[in-house]
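Asker: quick one: sequence plus predicted model below, questions after.
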Amino acid sequence: MPKSQQIHKAASVIPLHESELHAIDQRELNPKNFVWNGVKIIPFLAVMTLAIGLWFSPTPEGLDIKTWHLFTIFLSTIAGIIVKPLPMGSIAVIALSACTLTHTLTLEEALNSFSSKIVWLVLAAFFIARGFIKTGLGSRIAYYFVGGMGKSTLGLGYSLVLTELLLAPVVPSSTARGGGIVFPIVSALNQEYGSHPEDGTHRKIGAYLFKLCFHANTITGAMFITALAGNPLIVSLASKVNVNLSWHTWALAAIVPGILCLVTLPLLLFVIYPPQLKSTPEAPDVARNKLKQMGSMSFEEKIMLTTFLTLLGLWIFGPQVGIDAGTAAIFGLAVLMLTGVLNWDDVLHEHAAWNTFIWLGCLLMMAELLNELGMMMWVSNHIQTAVGTLDWVSAMAVLVLVYFFSHYLFAGITSHITSMYSAFLVVSIAAGAPPMFAALLYAALSSLSGGLTHYGTGTGPVFFGAGYLSISEWWRLGAIVSVVNLLIWVTAGSLWWKIIGLW
């Protein structure tokens, strides 16, 4: 096989974050792709054309020039992430440069989100997951799962979904729950089944499990007030229009559509994105034998388990004593380093974590500033005007779709809630929609819409950053699963709410 074909074959199985870390002379891959020094020329020119066209177009009425220019850079960055003229980290750095060189933002504003507790929580989650793998505790936990439900990949999927559901009511951070608890377990399972992005075995089981757990996280986040950091904010905003959402009311309303989504999810992904390894009838016996060989827990495993349980306690009860999820995660990382479970080389070599840190900080910065500058309120006001003459059912249909898919513009659920929830709830009620119906539906969609992209919720960068799925796969599957969740919540959810008298 010619060298160029060998390189092309190798590159085709390396996931995004690995491709970004390995210097491959892409001019040798295929000259017809117009690649120069790693830059794909045609996608690059397409993104630049979009950026220049928007930059010099008239500023829409109601927006100032700074907001419009920042939106142009943000939209161009998203386009760049989709068509990939460069690795995602490189695109993020270019976006930061564009923000500052054009004086759209100061350097301090551009770098502000790198101090965000969400960004650091995601970063720490990667390192904590490394501790699970390095000590062998993750493998031990994985063997327990395999021993109990490991006769099929689908059985493993349902066991992980059940884990998410049991944790959701008591872990008020979806990122801590998904990234800090479930992610390490899935990473260990992938290790045991030999599914790795580096050698092209990512579709064996790992890609399926990571995508499954990510969407399970967004579904459970919609089921309980205490399952998502933004949900208490929704309760507060709804109360301002005299809609009282108690923990019991929310949980009762969400239990039927939520369970339907969780039951459907593993089967849906099993059909549209099947793992290569489907049946493992010998796995439970193998797992039990492995546990016997491992013997009792090592000192490092005990430290890791103690740290993990401490983190779990802080994630559940920390907010009551002023300790947020990000602070707890960094504390846990410090403990692991002080005890020698992890060392500085472990941190430095966790390339996926640092890659995610760069692009997530960039996207989060632009999305938050656009919200502060009034871009999202401007969009909301135009939507209010557009649906003003419709009956409430038609108005809700339009508003729900806009609210849901507008999450493509947000790098976090809380910012989405802050900028759009109140406005859409008020417009819906004014159009004649039952207040409780509208409040509950927008509340659920706030979390469910996080499944559309790899940056729309704090858990996304963790699971995507593992490198098991490409951006195109992540977005395509995200759109399918999210639309199915939306349909279940609108149909079965509405019917259930009618039965229990909520509207």
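Answerer: Right, received. Where do you want to start? Numbering: from 1, shown residues only.

Asker: neighbours around the closest residue to residue 286 other than its chain neighbours, how many?
Answerer: Nearest non-adjacent residue to residue 286, counting by Cβ to Cβ, 6 or more residues apart in numbering: residue 146, 7.6 Å away. For glycine as for every other residue, the C-beta is placed from the backbone atoms N, C-alpha and C. Close neighbours of residue 146, defined as other Cβ atoms under 10 Å, add up to 26.

Asker: help me confirm that residue 146 comes into contact with residue 191.
Answerer: No - at 11.8 Å, residue 146 does not count as touching residue 191 under the criterion of Cβ atoms under 8 Å.

Asker: contacts only, for residue 376.
Answerer: 370, 406, 409, 419, 420 (Cβ atoms under 8 Å, 6 or more residues apart in numbering).

Asker: buried ones in the host helix or strand of it?
Answerer: Using DSSP states H and E, residue 376 sits within helix 375-386. Across helix 375-386, burial judged by 16 or more other Cβ atoms under 10 Å covers 375, 376, 378, 379, 380, 383, 384.

Asker: again with stretch 424-435
Answerer: For stretch 424-435, burial by neighbour count (16+ other Cβ under 10 Å) applies to 424, 425, 426, 427, 428, 429, 431, 433, 434, 435.

Asker: now render those as a markdown table, adding secondary structure.
Answerer: Shown next, in a markdown table, are the buried residues of stretch 424-435 (DSSP: H, G, I helix; E, B strand; the rest coil):
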| residue | secondary structure |
| --- | --- |
| 424 | helix |
| 425 | helix |
| 426 | helix |
| 427 | helix |
| 428 | helix |
| 429 | helix |
| 431 | coil |
| 433 | coil |
| 434 | coil |
| 435 | helix |
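
Asker: tell me how far residue 187 lies from residue 142.
Answerer: Separation of residue 187 from residue 142 (Cβ to Cβ, to the nearest Å): 9 Å.

Asker: more neighbours: which of the two?
Answerer: Taking other Cβ under 10 Å, residue 187 and residue 142 do not tie; residue 142 has more neighbours (26 against 22).

Asker: now the phi/psi pair for the residue lying closest to that one once chain neighbours are set aside, please.
Answerer: Of all residues not flanking residue 142 in the chain, residue 188 sits nearest, at 4.0 Å (Cβ to Cβ, 6+ apart). Main-chain torsions, residue 188, degrees, to the nearest 10: phi -70, psi -40.

Asker: tell me the contacts of residue 188?
Answerer: 132, 133, 137, 138, 139, 141, 142.

Asker: residue 79: which of those is nearest?
Answerer: In terms of Cβ to Cβ, no member of the contacts of residue 188 lies closer to residue 79 than residue 133, at 35.4 Å.

Asker: that closest one should be in a helix, yeah?
Answerer: Yes - according to three-state DSSP, the state of residue 133 is that of a helix.

Asker: how close does it get to residue 179?
Answerer: Noted for residue 133: a distance of 15 Å to residue 179, by Cβ to Cβ.

Asker: neighbour-wise, which of these two wins?
Answerer: Using other Cβ under 10 Å as the criterion, residue 133 and residue 179 rank with residue 179 on top: 30 against 17.

Asker: could you chop this structure up by domain?
Answerer: Here the domain parsing of the chain from automatic domain parsing is 3-105, 117-229+245-357, 359-499.

Asker: pull out the buried positions in the biggest helix by length in the chain.
Answerer: In the chain, taking DSSP state H as the definition, the longest helix is helix 247-272. Within helix 247-272, the residues scored as buried using 16+ other Cβ under 10 Å are 249-251, 253-254, 256-258, 260-262, 265-266, 268-270.

Asker: and if you look at stretch 350-360?
Answerer: 350, 352, 353, 354, 355, 356, 357, 358, 359, 360.

Asker: assign the third one to helix, strand or coil.
Answerer: So the one you mean is residue 353. At residue 353, secondary structure determined by three-state DSSP is helix.

Asker: touching, it and residue 462? I think so.
Answerer: No - using Cβ under 8 Å, residue 353 makes no contact with residue 462, being 9.0 Å away.

Asker: flag the shaky bits of this protein, pLDDT-wise.
Answerer: For the chain, the stretches flagged by pLDDT under 70 are 1-33, 170, 172, 380.
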